[in-house]
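J.: need the 3D shape of this:
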Amino acid sequence: MGKYDDIINLPHPTSRKRPRMSVQDRAAQFSPFAALTGYDAAIRETARLTEERIELNEYEQAVLDQRITLLQEHLKDLPEVTITYFQPDERKEGGKYRSLTGVVKKIDPYERQLVLADKSKISIESILNLESELFRNMELEY
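T.: Predicted coordinates for the structure are as follows:
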């Protein structure tokens, strides 16, 4: 005779006060528990790299100013320009350098922005470099 033969064939006990728990609720009791909610996201954010903003020296700033002036003079020709600019990070110090190629539609002196034909706006203060066929034969007057 086995150890549990006396109870093995008895019906499953059912409470008269509480309803039987569903399979999903029963399984939820044993699901993994994340004691540190958001910890993984915080680690990923900390590991995300940003770059420091490069400050232009006087010579580089003078070249950039001349290129912007030349762009202003040739806006009617719809010059295509590749703009390298700094985009600050919204969550932490630093940011990322981006390049955008497009046709310059106007230069807004009040907002200090280059406005492209696709309606993109780039702050003049954030520009690191401008490249265009327009500048190929330009010599710096310094």
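
J.: quick one: find the helix or strand in the chain with the lowest mean pLDDT.
T.: helix 39-47 (a mean of 77; mean pLDDT, DSSP states H and E).

J.: in that helix, what counts as buried?
T.: Of all the residues in helix 39-47, not one is buried under the rule 16 or more other CB atoms under 10 Å. (Glycine included, C-beta is placed from N, CA and C.)

J.: okay, it in CSV with CA atoms only?
T.: Provided in CSV are the C-alpha atoms of helix 39-47 (Å, rounded to 0.1, in the frame of the first residue of the first chain):
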residue,chain,number,x,y,z
TYR,A,39,16.9,50.5,-14.0
ASP,A,40,17.6,49.0,-17.4
ALA,A,41,16.5,52.2,-19.2
ALA,A,42,18.7,54.3,-16.9
ILE,A,43,21.7,52.1,-17.7
ARG,A,44,21.1,52.4,-21.4
GLU,A,45,20.8,56.2,-21.2
THR,A,46,24.0,56.5,-19.2
ALA,A,47,25.8,54.3,-21.8
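
J.: contacts for that helix?
T.: R91, K92 (CB atoms under 8 Å, 6 or more residues apart in numbering).

J.: may I have the next helix-or-strand element following that helix as CSV, with CA atoms only?
T.: Downstream of helix 39-47, the first helix or strand assigned by DSSP states H and E is helix 58-73. The C-alpha trace of helix 58-73 is given here as CSV (Å, rounded to 0.1, in the frame of the first residue of the first chain):
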residue,chain,number,x,y,z
GLU,A,58,38.9,83.1,-35.1
TYR,A,59,40.1,81.9,-38.5
GLU,A,60,37.5,79.2,-38.8
GLN,A,61,34.7,81.6,-37.6
ALA,A,62,35.9,84.1,-40.3
VAL,A,63,35.7,81.5,-43.0
LEU,A,64,32.2,80.5,-41.9
ASP,A,65,31.1,84.1,-41.8
GLN,A,66,32.4,84.7,-45.3
ARG,A,67,30.6,81.6,-46.6
ILE,A,68,27.3,82.7,-45.0
THR,A,69,27.7,86.1,-46.6
LEU,A,70,28.4,84.5,-50.0
LEU,A,71,25.3,82.3,-49.6
GLN,A,72,23.3,85.4,-48.8
GLU,A,73,24.5,87.0,-52.0
